[in-house]
Structure formats: C-alpha cells, structure tokens
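**Student:** need coordinates for the following:
(3 chains)
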Amino acid sequence: MITKVRSHLSPNEALLFERSSPGKKAYQLPDLDVPPVDAAEALGADNVREAIEGFPEVSEVEAIRHFTRLSTWNYAIDYGMYPLGSCTMKYNPRINELVARTEGLAWAHPYQPESLSQGCMEVMARVEAALAEITGMDAVTLQPAAGAHGELTGILLIRALLQKRGNPRKKILIPDSAHGTNPATAAIAGYAIENIKSSETGVLDVSALERLVTDDVAALMVTNPNTLGVFEENINRVAEILHAKGAMLYMDGANMNALVGIARPGDFGVDVMHLNLHKTFSTPHGGGGPGAGPVAVKKVLEPFLPAPRLKRSGKKWTYDYKRKHSIGRVKAFYGNFGVLVRAFAYILAHGGPGLRNATVDAVLNAVYIRKRLEPYFDLPYSSPNMHEVVFSDDRQAKLGVRTGEIAKRLIDYGFHPYTVSFPLIVHGALMIEPTETEGKMELDQFIDAMISIAKEVETDPQMVKNAPYGTRTSKVDEVTAARKPVLRWKP
Amino acid sequence: MYPENFRYTKEHEWVLAEGDTATVGITDHAQEELGDIVYVDLPKAGTHLEQGKSLGSVESVKAVSDIYSPVSGEVTEINAILADSPEKLNEDPHGAAWLVKMKLSAPEEVKNLMSASDYQTYIGAEK
Amino acid sequence: MRYLPKSESERRQILDACGVSSPDELFAHLPEAVRLKRPLDLAPGISEYEIVQYFRDRGDENGKGYPSFLGAGVYHHFRPVLVDTVVSRGEFLTSYTPYQAEIAQGTLTTIFEFQTMICQLTGMDVANASMYDGSTAVPEAAMMAVRATGKGRVLIARSVHPEYREVLTTYAKHQGMPVEEFGYVPEAGTIDLEDLDRKIDDLTGAVIIQSPNFFGIVDQVKAAAGIAHQRGALLVVIFTEAVSLGILEPPADADIVAGELQSFAISPSYGGPYAGIIATKDKFIRQMPGRLVGQTTDSRGNRAFCLTLSTREQHIRREKATSNICTNQALIALMATVFMTVYGKQGLRELAEQNLAKAHYLASKLKPRFCGKFFNEFVVKIEGRSPDAINQALLKKKIIGGLPLGRFYPELADSLLLCATEMSRRADMDTIAEVAA
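**Tutor:** Residues are numbered from 1 along each chain as shown, chains lettered A, B, ... in the order given. A predicted model of the protein is given here:
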C-alpha cells in the first residue's frame, strides 16, 4: 500500500528555444553613463559576431514559469529521503545558503589585497583547523574542487614524497570494492593499478595485502568504512604493512559520516585523505555539483601541498607562495570558498558534541534499516555495518527480478532509489545509506515500501519489472540516446 | 546456432579462417550478455593485431567490454555498417555483423581454438 | 539539534528495534585502538543568529562595497535577481545527480538547454554539462586533444591565465605530456605567431591560446588554427570572460573551446565555486570528459532527457576513463543558464556593448600599454608610479584598483591590468584617471 505519494497534475513545459520569440526580454540594463563605442572600430570588424543564432528571447514571467515548472519534475532531499549509499544525502541547511551570500564574502575577488581579504582568510584558516581536528591529521589544503579532484591531489602528494625519497614507484593498490574515481585518479597520476580482493567477511584481505605490497607499490587507496559500510577492522595492521615497505595509506573520505567524532583516520595510520564536503558536511548537491574535496595530510606530506598556504603574520593572515616542494596548483585561486562557507556553517551549527551525535544517528538509522529489512533481502556480509548497509538481490533474482527493477518500483512508493549494482563485489547490490537527518516516520515509510516491494516480487514479479508507473516520465530509452546522441536542441 | 566452420575463444570471439585470411566477430552468447549494444570501437585498417590482445571494445549503455583478437595478423577491412547500426551486432553477430577481416600472420593459431561443440559445452558450463 | 529529526522516545524505539540498549554499543565492534577517547576539540554548536553574525563580521573585514577594477579571470557583473530565485528552489538545490531520469527531468532539461546555449555561444557542435572551473578545464582539454591526435606534446601561450597554466603543469607532469610555452608580441599583446611556428612540431597534439587573453586582448585565433592544423595538432581556445562571447566572433576555427562561466551570475566568492565548460566538434565527442545529457523518448513516446555516453566516464570505464571527474557544477551551471535566459539574445549583446564602452572610456583616460584590440580589460603602465603606489592611492579613496602584473610577468612589473564592466561607474573611473595623472 503506497502511503507516501499520490498522483497530481504537474505542468508540461517546452524548451526555452521553443518559447522564444524575437523582441521578448527579461532584462533591463541601466543607461550608459559613458559614451557608447563602435564595436567594429574597437574590436576590428572581423571580430564582431552576428547575433547569437538560436539563443532564446523570453520575458521574465516566462523565464520564472519555465524554471519553476521544470523544478516540479525533480525529486529532492526537501521532498524526502535519498537512500543512496556512500552519497550521504543529508539535509542541506538553509542557513548555509544565506551565509554564503554574505555580501563581503560573496563579492570578494580572489585577487583583492590581503588587507581586504582577512575575513575570507580567517574563515579558510578555521575550516582547515576544524577539518584537521576531525580527521586527526596535521595539515589541510582547501584547493581541490571535488572528491575526485582531492583524490588526484592526494596521490600527487604521495608521488612527490616518494620521488623526493628517490623512487616514485609504479603501482597503486585498489580494493575491488572501490568507487570508480579511485582507479581513474590513479591512472591520471601516472600509476598502474592493481586490484586487491576483499576477504569473505568483506574487509581487506590482510594476507593478500602482505603479498601484494612490494617496493613497486606507492600506496593503497582504501575507503573506511568500506563500500559495504563495514569498518576495516585490520586498518592498523594494513597501515603497518604499507609503512614497513615505504608505501603510503590513502583514504577516500566518502564514508566519513560514519566516523566523525568516533574515530579519526589520522589515528589509525592514514597518511593522506580527502573529504567530500557535499557529503559529510551537508553542502548541497544541486543536481550534481558543486562540491569541494579538501585533502588532509600528516606532517610528512605538508611540504608538498599545493601553494599558496595560509600563514599567520603578526595579527594578520597572509599567503605563503614560497613553497618549493609544492606539487603546484590543482586549481586557480584558493578553492571553492563558497562551499567552504557552507560546510563551516554546518560545523558551527553542530559544534564538537553535535557532530558526534550526528554520526551516532547516522549509524543508528542504517542499523535500524538493516535489522528491519534482513528478513526480506539477502545480506551477503554479516559483519556489523556502520552508516550504510548493502543487500543483494539474490532472493528476488530467483523470481526473475533484479536490483535495478526493485529500485524503479521504489520510485512508485515516493522515494529515490538506493544505489544500484555497486559495489561490484556484491552480486546485484542494493546499497542503502539513510544519513542522520531522517526521522522515524520517513525511515518507517521507506522500510515499509521495501517490504511491500519484496512481497510484490513474490506475488507479481512482472509488475515490479515494469515499474515505475506513477512518474510523469516513464522509463527512458537510454539505448537510443547512446546510439544516436542528440546533445543539443536544433530548430 | 554456432557455425561448425567457426572457431571460438574463451572470451567469446569467433574466427572464420580461410587459408591465410580470416573474418572475426563476437558470439551470440557475448551479444546477449552485453545487452543492447550502442557503440563498437574498431581498429583502423592496417593495424597489426596479436592473438589474445585487445582489438577494440563493445559498449552497451552501462558497460564496456574489450574484444580480444583470436588470431594474429593485419586488419584488412572493418565492417562499416557497425558505425551507423551497432544494433546489428545484437541481431546477426555471426553473419552481417562481423567485426574485422584480417590477413593472418600465423594461420596455425586457429587449430588451438575451440570447435563449435567445445564452445557450446564451455558456455553451458559457465552458466 | 534541529537537523536531527528524532525525539528521544523515537530514538529509544529505534534502539530497541536494533536490540541495542545504548548508542555506544553500535560502535563496540570497532577495535579499541582506533576509537577516539576524547571529545572533538571544537566549540559546542551555536545558534542561527550567531552563525549569521559570525559570517557578517567576516564579510565586514573584507572591505565590502568598494568598487573594484579587478578582472584577471574573475569578473564583477550584476547577478539578475531571478538567478537566486530559481537556484534556491529545493528541487534544484537539494536534488542529486540525475542518474534516475524519471525523477530528474527538471535537472536534465536545464542541462540540455545549457549545453545548447554554450554551443550557440561558442560556435561548437557539442558541449558538456560543465567542468569544475576554467582552470581545470585546460588540462582536461589538453588531455582530450592528446587522446584524439595520439600525439603527446602541448604548446601553450604565455598570454593564457598564469594560474590556468600552473594547473596544466601540475596535471601534465605525470601524463607523459611535455608542455612548452610560447610568447606574446610586446607591442600588440597578441600571441607571437613566429615563436609558435618555431616551437611546433609533428609531435604536437595541442596548441592552447586564450581569447580575449589574460591582458584582455582579442587574440589571433584563425592564424593559430592555421599553424596548429598544418602540423596535425588541435587548437584549444580558452576564454575567462564569458560576456565577451556576447559581441566577439566565436572561435569557430578551434577544435576545442574551454572556459570559465563565472561572469554569468556566479558570485566571485573569493575564487569558487565556478563552472568551467568544454565544447568541441562532433567528431571528438567520445574523447570528451564530463557528463553529457542527451535527448530521447520515454516508453510512452514523450520527449525525455537522460545522461548518456556514460561509458566515457569513471564509474564505468574506471582506469580507462576520459577523466576521473565525477561532479559537474550543476547548480552553478544552472545559475549561468538562468543568466543566459534573462539576458537572452539581445541582452547579452547589449551587456557586452556596455562593458566595451566602460572599459574603453577608462582606457581613453589612461594609455593602454598594448595596441591590440581589447574587450573589457587592458594593461596600463603609468609613468613614474608603480602599480602598488597607484593601488594604495586608490584604496585611500575606497576603490580597489587593478592587478599589478609583476607577480606573473616580471617583464611587466611596471604595469597594471584594469577591468571595467557594466557595474563600473564613470565617477570612479574619473577618480582613477585623476590618481594616475
């Protein structure tokens, strides 16, 4: 029985170009207070363009209706839970949006004199300090724009250190349960990838690791808890093995929502890690970005961090560009400052004790889901889970229904699907992460929906296979979209 | 289903050898596993291929699979219809949707590949 | 805590359902050695009011309200009010990447419109759904050109934004992708075509220039394309001032256009978040990094949109992906989309004309150092006064001057890069002229 949603009229809407007509406008510029200039004269006749062909012309009312109507076709956190594993789709506090628009911060130009940038620099310094404390690391760079960008930065830092020691080495070890950005990043950093299999309990196989860590190995990239939501219990031993061979331990911080205030990567042997501010620290996903991917390091890697570094000079902040061992810039300017503001507002709102409470609730919610869904869905790994839980579709597959189809049926119940078919080590995975910002009612509605679907699979598998039914857009033809790509509107 | 005069690999490619020329493709089992094929990435004519090494790839919406050359030699022709109609590979993988034609450098290699009945046993066991 | 929607009794019920008497038991399985045995050394949580006040105070320490004549890759343009109205809608702000097409048509449709408008602006056939920013779009474009040509050498003009060049250097170091710079002509400020011609060879895969370049000068796209194409290299043209595309001929001779959209209603925000783009010709589409939205139909025959050509990307191709990028700057790109919608075909042109007029007015009072044609930025050298001295004098009048170029170009240490936009006021420009006199 579907209780969360009911059908409802939603407006149709054409594309901007289809609404456009010459002469309509939504803007008004002030009159020029200086003499106009002839474009052909100023720029050279050859350099002046014709009108932008096909560019839309709509009125303000049409513009607002256009985007508002389109917005009603989206699901969002503001509507309900996203059970997406490892995405940490928690509530995006609105105060974050307000403070990011503070005039002196939003209009600050990165090349303003330092004397007029002290406010921004102070915020960045406080963010660095807070993230260092949370991760148990010694120094933080805020330059990377997103998680994958942070991963690249982290691996380049490792390379630089090993290079300085005489040999950058050739390989990076990556668990078979890793997120796709990990091997893609290693490849861009110029390393070969070697996969390391997980054990039958779902964690890193320590004896396999011992065999694989040679003098050719630069680092192991680990996610902890791993993509099964399970804490890597042997992480201290893993760090020892790597360090004994002069290799480093990189941690993908995507799952930090299970650790903040409970355990710190710096305390269990991690040398360098990135954080996803758009995950653990509540900055909005906005339909796919922006994010920020700060990187935290142990002291030994600090000299290699991207320049410039913030430095205290008397009572003021200043930038230190004299960083001769730096790997160089990974991005222009200083980082996604607007995202850092949002993350810091989140940290200020929670405070130390609050951050720990959030972690506790995140894990509690995931364990609750596990307990209530265990009778209905196959649990491939019995190890205790933390902030996320991974089921497999084995039971349902026997009746011909796969995880992707169950996910689509979940949409009819008013939820966004969980993560489908990832991690790859679980056959037909259902990866679920509720986060701490879900209350009992929402969780129970989700659980009831999943149980109901499990029952539907038994009584009417074909119906489940053809879901969703209730959406205004039914299943899209991804095959034709890939075979005959149409990537822009044409008249 | 599986032509007697083809030879087959463990990676689900087939080869039809006639003297020192050959035609290469992927098997019906392969196209079924892949699902709807959206793109085929093939080498240029003149490319030198080695048995067991990748000659290109086949893409479905959500996956990419490498194709491994069953034999060594030089690519003489690639199948032009696959550029516009990759779906042919789902429809007729043993016939109209061959991938490349080659001039073999080591025709004896073919002897070591599986026969149709061996291949059928092999994919039966895989399930 | 107001973001944790459980009452104590609800928490109790859930704990009971989990068979756990206290939350600490949930972590009992963690090895003793890893557990943090003290509270985090962070102050307790503060109220909404205190948070707002904290950032307001920081903003005040930042010299807000000073008119600024800084450009150099980040531009002060008015942000139409509709922009924040649209992006503040929860359906856009708090939604996820549109992997589930049926419930993300809002995001997918706006991205399709964005891709279209970028193509229309840049004269390219296809554009992606955005990169992190202009600076990281440069190495992505370079790697794309190298993949497409199979040739690893990259030539980049010194007149490309210095920090963009630094980012390229960082990425290129480990790609087996040697990068070399070629110069600019001291009188005109445009690229030194002879230097390019001397340095290019048959191993060159990419030639990268910027137009308008870092000095604000409209550069020689056609000529650079000629040289590049003759050697089998691709031409990558970068832009940092998107408003210039409202009036400047798009670089149709480029193979890849990469750039920064910050000018399109994206707050300067002390350096980010911004939105970069990569746009290219149809034939290079499979080499392109980043998300792409395509048009298709749903099972009922209605037009629908979905992410497509995903096999290029990291989540499928893993180490063989065209890039490691996962995020696109969707919300930021949406700001740009709303901006482009509000201004539209006529408005972008008028906006660009205003920028041109303002900057040329300011330039008429000073003497640009280069004779090349410029859009809304130009370089000046003031006789007898150092750039820092000029800026100090302007600061006393609460005006932020231009960028002293010495930090990036030692040979231009006596010069300043000034930018005027539609937001610059005549009175302030007259003040600059006075101070510089």
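
**Student:** which residues does the helix or strand bottoming out on mean pLDDT in chain C contact?
**Tutor:** Lowest by mean pLDDT, DSSP states H and E among the helices and strands of chain C is helix C:314-317, with a mean of 71. Residues outside helix C:314-317 that contact it (C-beta atoms under 8 Å, 6 or more residues apart in numbering or on different chains): A:148, A:179-181, A:183-184, B:62-64, C:310-311, C:321, C:323-326. Any C-beta I mention is one placed from the backbone N, CA and C, and that applies to glycine too.

**Student:** who are the neighbours in contact with residue 109?
**Tutor:** No chain in the question, so chain A it is. Counting by C-beta under 8 Å, 6+ apart, residue A:109 has contacts C:68, C:70, C:74, C:76, C:268, C:270, C:400.

**Student:** to clarify, I was referring to chain C.
**Tutor:** Each residue near residue C:109 by C-beta under 8 Å, 6+ apart is listed here: A:13, A:15, A:70, A:73, C:305.

**Student:** from what I can see the first one touches residue A:69, true?
**Tutor:** Right, residue A:13. Yes: the criterion here is C-beta atoms under 8 Å, and residue A:13 meets it with residue A:69 at 3.9 Å.

**Student:** those two: which is more packed in?
**Tutor:** Just comparing residue A:13 and residue A:69: by other C-beta atoms under 10 Å in any protein chain shown the higher neighbour count belongs to residue A:13, 21 against 16.

**Student:** give me the number of neighbouring residues for residue B:5.
**Tutor:** For residue B:5, using other C-beta under 10 Å, the count is 10.

**Student:** same deal with the one 10 residues further on?
**Tutor:** Neighbour count for residue B:15, taken as other C-beta under 10 Å: 22.

**Student:** may I have the beta-bridge partners of it?
**Tutor:** Beta-bridge pairing for residue B:15 (DSSP bridges): residue B:7, residue B:24.

**Student:** for residue C:307, see how far away it is.
**Tutor:** Distance from residue B:15 to residue C:307, counting by C-beta to C-beta, to the nearest Å: 36 Å.

**Student:** what does chain B put close to chain C?
**Tutor:** Contacts of chain B with chain C, taken as C-beta under 8 Å from any C-beta of the partner chain, map to B:38, B:39, B:59, B:61, B:62, B:63, B:64.

**Student:** that older thread, restricted to helices, list the contacts of residue C:109.
**Tutor:** Using DSSP state H, residue A:70 are the members of the contacts of residue C:109 that sit in helices.

**Student:** so which of the contacts of residue C:109 reach chain B?
**Tutor:** Subset of those in contact with chain B: empty, counting by C-beta under 8 Å from any C-beta.

**Student:** buried subset of the contacts of residue C:109?
**Tutor:** Among the contacts of residue C:109, the ones that count as buried by 16 or more other C-beta atoms under 10 Å in any protein chain shown are A:13, A:15, A:70, A:73, C:305.

**Student:** how about the residues you listed in JSON lines, adding pLDDT and distance to residue C:365?
**Tutor:** Listed next are those as JSON lines, based on pLDDT from 0 to 100; distance: C-beta to C-beta, whole Å:
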{"residue": "A:13", "pLDDT": "97", "distance to residue C:365": "48"}
{"residue": "A:15", "pLDDT": "98", "distance to residue C:365": "45"}
{"residue": "A:70", "pLDDT": "98", "distance to residue C:365": "46"}
{"residue": "A:73", "pLDDT": "97", "distance to residue C:365": "52"}
{"residue": "C:305", "pLDDT": "98", "distance to residue C:365": "50"}
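
**Student:** quick check, nearest of these to chain B?
**Tutor:** residue C:305 (14.7 Å; C-beta to the nearest C-beta).

**Student:** so what's the closest one up against?
**Tutor:** Counting by C-beta under 8 Å, 6+ apart, residue C:305 has contacts A:476, C:101, C:105, C:108, C:109, C:111, C:112, C:293, C:294, C:295, C:296.

**Student:** domain assignment for the chain?
**Tutor:** Since no chain was named, I'll use chain A. Chain A breaks down by automatic domain parsing into domains covering A:16-71, A:95-348.

**Student:** my question was about chain C
**Tutor:** For chain C, the structural domains run C:82-338, C:344-436, going by automatic domain parsing.

**Student:** most packed of these?
**Tutor:** Using mean count of other C-beta atoms under 10 Å in any protein chain shown, the stretch among the domains of chain C with the largest mean neighbour count is domain C:82-338, at a mean of 23.

**Student:** end-to-end on that domain?
**Tutor:** Using C-alpha to C-alpha, to the nearest Å, one end of domain C:82-338 lies 7 Å from the other.

**Student:** can you check stretch A:32-45 too?
**Tutor:** Termini of stretch A:32-45 sit 23 Å apart (C-alpha to C-alpha).

**Student:** for that stretch, give me every contacting residue.
**Tutor:** A:48, C:218, C:247-248, C:353-354, C:356-358, C:360-361, C:373-375, C:425-426, C:429.

**Student:** and it, what's buried?
**Tutor:** Buried-residue list, stretch A:32-45, by 16+ other C-beta under 10 Å: A:32, A:34, A:37, A:39, A:42, A:43.

**Student:** cool, and stretch A:77-97?
**Tutor:** A:77, A:79-97.

**Student:** re the thing from before, which of the contacts of residue C:109 sits closest to residue C:190?
**Tutor:** Compare each of the contacts of residue C:109 with residue C:190 using C-beta to C-beta and the shortest gap goes to residue A:15, at 38.7 Å.
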